[in-house]
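In: Please work out how this folds:
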Amino acid sequence: MIVYDPLYGRFEVPQAARVIVQTPEFRRLSQIRLLNTISPTLATLGEVRRYSHTLGVVYLETLWEKHTRPKFSRRELDAFQASIILHDIGTPPFGHLFEYILRERTGWNHEAVIVDVLRGQHAPENTAHQFFAARTLKIIKILEKSRIDRDVILGILTNRHPLSQLILGRLDFDNVDNVARMAWALGLPGGADVARSLSLELGVTNDGRLACAQESRQRVLDWMDMRRRVYEVIVFDPQTVAAQAVLTKALWRALEDGLLGVDDWSLTDEELLARLQESSATKDLVNQQYLGILPSHVFTMQITKSVEELGFGDRHELMREVESQALKAGVTRPVAYVFQDRGTFEKSVEFIDTEDGQSWSIGTTSHSTVVYLFSQSQTPTRPIQLSQLVNAITNTIQIHDADIVRLLHKTQAEGVGEQARLSF
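Out: As a prediction, this is how the structure comes out:
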């Protein structure tokens, strides 16, 4: 099976993986976006799918195998390739956007779903439950027929095998390709070279610790720099976040009304939108705003504290408070959104040096909350209203100037999409 990829070019999918990539469990990822939303401004990235991303991870693993000759049996390496293909199959529609809401409401997570799928327990009905494109579960029979060890796969995907670090670690083949692929889609150069060179340097110790020669430090820094630049675009692009805010609002309503439930994680992006369009409570949000004219950007505030440190039980509670204060300040039909940065912009990674066996680390883990406010009215908010609003919100959530990393807004004097620091 030959794949033609815009990032890495032409490559061959290894034999052990070929039958798995054609299962309904994996093919579903061709209709799950890598970015958690449709975006008018990050249009290419908004159309990249997790299917192609996962194939990219497989490619990096095959390079790593050829270059490093890892000291694992062929049985373990075949199971590792299968684990790479399967590690994202529990991703719900629109990825983390829906997953975070399900986790906040029910404690659901996609890692546990993968284990259930491999055991044929992913649906309340039975193992014949349709998974994608009216096709029933195939992976269990495929693994048995191909003699790929399901127990080793489960060990890898539940972090009980040394190879787990190269697919579930703080720096692994998955997030190496993820960053490189997003950089490509955003027009940032060098992603493929960074991904290839760094992947060849990664390894694991016998006791399951991430390994990398300290002399490869610059390659790690290059990847971290690219990662930072990617997320600076994604997290602070007003139109992309506005789309996430509207879709989040629609998803919360659908869950509260019983239109959606936890078992709907297996829908595709388009199937989820169709479900939301069936209800009068969410139809207009999807058709007129999410797929129509997005809310206008009022401000973005990045704070050094977590949602819990700000005194709120969850993101939804903080969003409601921001919308309440916005209404009092005269913002028309406000829509708030909250993003929690837990190592998004910066992350620390610890390695075992492959030369001398000593531990070394690099980077620090970023920690902040980003609060966004949009208005469903296209009439700009007056500057005096904005100043009053920001003061009201900072007083309500009890933060000081020192807690604010950045405060961005758009004024009439600036071009569309321009941002500037808010001054009083």
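
In: Need the residues that contact stretch 323-334.
Out: If you take Cβ atoms under 8 Å, 6 or more residues apart in numbering as the criterion, stretch 323-334 is touched by 295, 298, 322, 335-336, 373-377, 379, 381, 385, 388-389, 392-393, 396. C-beta: built from backbone N, CA, C; applies to glycine.

In: which among the residues you listed end up buried?
Out: Buried members of the contacts of stretch 323-334, counted by 16 or more other Cβ atoms under 10 Å: 295, 298, 322, 335-336, 373-376, 381, 388-389, 392-393.

In: Lowest pLDDT pick from those?
Out: The member of the buried ones among the contacts of stretch 323-334 with the lowest pLDDT is Thr381, at 60.

In: Could you give the number of residues near Val115?
Out: 15 (other Cβ atoms under 10 Å).

In: From Gly258, how far off is it?
Out: Remark: distance between Val115 and Gly258 (Cβ to Cβ, to the nearest Å) = 27 Å.

In: can you count the residues close to Ser366?
Out: 17.

In: Hmm, Phe345 and it touching each other?
Out: Yes: at 4.3 Å, Ser366 and Phe345 qualify as touching, with contact defined as Cβ atoms under 8 Å.

In: Could you point out which residue ranges in this structure have low pLDDT?
Out: Low-confidence segments of the chain (pLDDT under 70): 121-131, 133-135, 378-384, 410-424.

In: what's the residue most central in space within it sitting at in phi/psi?
Out: Centroid check for the chain by Cα atoms, centre = their mean gives His96 as the closest residue, at 5.0 Å. Here is the backbone geometry of His96 (degrees, to the nearest 10): phi -60, psi -30.

In: now His297
Out: phi -80, psi 130.

In: so how far is Arg18 from the residue nearest to it when sequence neighbours are not counted?
Out: Distances taken as Cβ to Cβ, 6 or more residues apart in numbering place Pro238 nearest to His297, at 3.8 Å, with adjacent residues excluded. Counting by Cβ to Cβ, the gap from Pro238 to Arg18 is 42 Å.

In: With neighbour numbers in mind, choose between those two.
Out: Using other Cβ under 10 Å, the more surrounded residue of Pro238 and Arg18 is Pro238, with 24 against 14.

In: Tell me how many other residues surround Asp222.
Out: Neighbours of Asp222 (other Cβ under 10 Å): 15.

In: Next: the one 5 residues further on.
Out: A count of nearby residues for Arg227, using other Cβ under 10 Å, gives 24.
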